[in-house]
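>>> quick one: sequence plus predicted model below, questions after.
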Amino acid sequence: MPKTSFRVIFGRFSGKWKGEMFSMRQKNMKSRCEKRAFEKCKQVCKTYDAVQTAYAEKLQNNPDVVSFRCNVWLEGLEAGEYTSDFVAVKQDGNLMVRECVWRKNIQRPRTLKLLDASRDYWRARGVEDWGIVIDAEKK
């Protein structure tokens, strides 16, 4: 499998980046996925694209991460039944949430709406460490 690189973006998402996409996944996603077991993930980790797979591996190898869950349902989200890509527990006990996005889709209105909904959902639950993971720019 080719190595996928990515970068993590923190803070408020304004939607003013030039580039490409992200996609929150619907709760009952019916598409091809890769199932893998990770020591830090109690369940089978289902990844739906290369960015998500690469970030799962990064979480597994990150000494600051104690455990993580993938495709976490955002219960009661007004936008519909969607999941966040990763919710990790850090060494200090705080949660870290990451959404994986393809650069080519980042400007799409639906993507922007779902990213904002995810950020607001987690902020309402006291999670301050929320970010977006995107595929790296081609050089």
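Received the coordinates, thanks. Residues are numbered from 1 along each chain as shown.

>>> any idea of the mean pLDDT in the longest helix along the chain?
If you go by DSSP state H, the chain has its longest helix at helix 109-124. Taken as a whole, helix 109-124 carries a mean pLDDT of 94.

>>> list the buried residues in it.
Thr111, Leu112, Leu114, Leu115, Ala117, Ser118, Arg119, Tyr121, Trp122 (16 or more other CB atoms under 10 Å). All C-beta atoms are positioned from the backbone trio N, CA, C, and that covers glycine.

>>> who's in contact with the residue most central in space within the chain?
For the chain, the residue nearest the mean C-alpha position is Glu99 (2.2 Å; CA atoms, centre = their mean). Glu99 sits next to Phe22, Met24, Ser84, Asp85, Leu115, Ser118, Trp130, Gly131, Ile132, Val133 when contact means CB atoms under 8 Å, 6 or more residues apart in numbering.

>>> by neighbours, which of those residues wins?
The most crowded member of these, judged by other CB atoms under 10 Å, is Asp85 (27 neighbours).
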